[in-house]
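Trainee: Curious how this folds, go ahead:
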Amino acid sequence: MTNGELRRVLLLGPPGSGKGTLAPHLSELLGVPHVSSGQLLRASAAAEGDPHRIAEQVQRGHSVPDRVVLQVVGEQLGAGFILDGFPRSLRQADELDRLLAVHDRAVQLVLELVVPDEVASARLSRLARMESRSDDSPDTVAARLVTYRREAGPLLAHYVGRVRRVSASGDVDEVFQRAERALASLPRTARG
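Mentor: Numbers count the residues shown, from 1 in each chain. Presented below is the predicted three-dimensional model:
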């Protein structure tokens with residue numbers, strides 16, 4: 001598959017939909033870096049003594065303030081990326097558009113990973129046990145799913161015409177094949 005022109009892809013989906021698992025595969029396929037807002041925020045909280053109280057916000061299942069996320073993520077965006085976990089709101093999408101427009105760029109494709117809540121919750125519970133992540137406790141998972149559902153509609157409407165839905169149920173190879181087909185479905189005129 002040749003997708004030389006496809007360079008700026010967003011992965012959207014509820015917590016536990018597999019964005020962090022799929023992103024490295026897509027990164028390799030398209031030859032662009034995987035930029036994970038969650039990983040960047042956790043690293044920022046640990047490395048800098050958490051001046052923005054990121055850990056406290058995440059532990060409660062709250063979103064990190066937009067200005068903090070934009071600063072942390074914006075520093076990592078180049079000419080191409082697989083962006084995972086950002087934007088999470090319409091306001092963040094507008095800010096991302098402005099940030100990219102400075103370099104005459106735009107998001108080309110949004111892959112919406114669709115998964116039932118019970119599958120997402122089970123995946124996150126497994127991850128929490130494996131990695132001892134406090135942001136994946138049952139209470140915070142429920143809060144994160146509610147937040148995602150509330151913000152997903154307007155966010156997906158913002159990217160109308162660039163969204164491809166991908167079932168994220170099943171094993172990683174099946175999901176990757178579905179995502180690859182979705183990437184190929186983007187018209188060449190939308191890739192520039």
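
Trainee: Every contact and neighbour count from this point should use C-alpha atoms.
Mentor: Will do.

Trainee: and the longest helix belonging to the chain, what does it pack onto?
Mentor: With secondary structure taken from DSSP state H, the chain has its longest helix at helix 138-158. Applying 3 or more CA pairs under 8 Å, 6 or more residues apart in numbering; DSSP states H and E, we find helix 138-158 packed against helix 90-101, helix 117-131.

Trainee: can you pull out the strands in this protein?
Mentor: Per DSSP state E, the chain carries strands over the ranges 8-12, 34-36, 81-84, 109-114, 163-167.

Trainee: Any idea which of the helices and strands packed on helix 138-158 gets closest to Leu156?
Mentor: helix 90-101 (8.7 Å; CA to CA).

Trainee: and that closest one, which residues are buried?
Mentor: 90, 92-93, 95-96, 99-100 (16 or more other CA atoms under 10 Å).

Trainee: now, among the residues you listed, which is nearest to Arg178?
Mentor: Ala93 (24.8 Å).

Trainee: Just list the residues touching the closest one, thanks.
Mentor: Ala93 is in contact with 87, 155, 158, counting by CA atoms under 8 Å, 6 or more residues apart in numbering.

Trainee: and the second one, what pLDDT?
Mentor: Looking at Leu155, its pLDDT stands at 93.

Trainee: correct me, but it touches Phe86?
Mentor: No. Judged on CA atoms under 8 Å, Leu155 makes no contact with Phe86 at a distance of 10.6 Å.

Trainee: What subset of the contacts of Ala93 is buried?
Mentor: Taking 16+ other CA under 10 Å as the criterion, what is buried in the contacts of Ala93 is 87, 155.

Trainee: Could you dump the contacts of Ala93 into CSV and include distance to Ser169?
Mentor: Output for the contacts of Ala93, formatted as CSV (distance: CA to CA, whole Å):
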residue, distance to Ser169
Pro87, 23
Leu155, 22
His158, 25
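
Trainee: tell me the pLDDT at the residue of the chain positioned farthest from its centre?
Mentor: Distance to the chain centre peaks in the chain at Gly49, reaching 24.7 Å (criterion: CA atoms, centre = their mean). Turning to Gly49, the model gives it a pLDDT of 75.

Trainee: ditto for the one 5 residues further on
Mentor: We have a pLDDT of 81 for Ile54.

Trainee: my read: it touches Arg67, true?
Mentor: No. Under the criterion of CA under 8 Å, Ile54 is not in contact with Arg67, lying 11.9 Å apart.

Trainee: When those two are compared, which one has more neighbours?
Mentor: Ile54 (21 against 10; other CA atoms under 10 Å).
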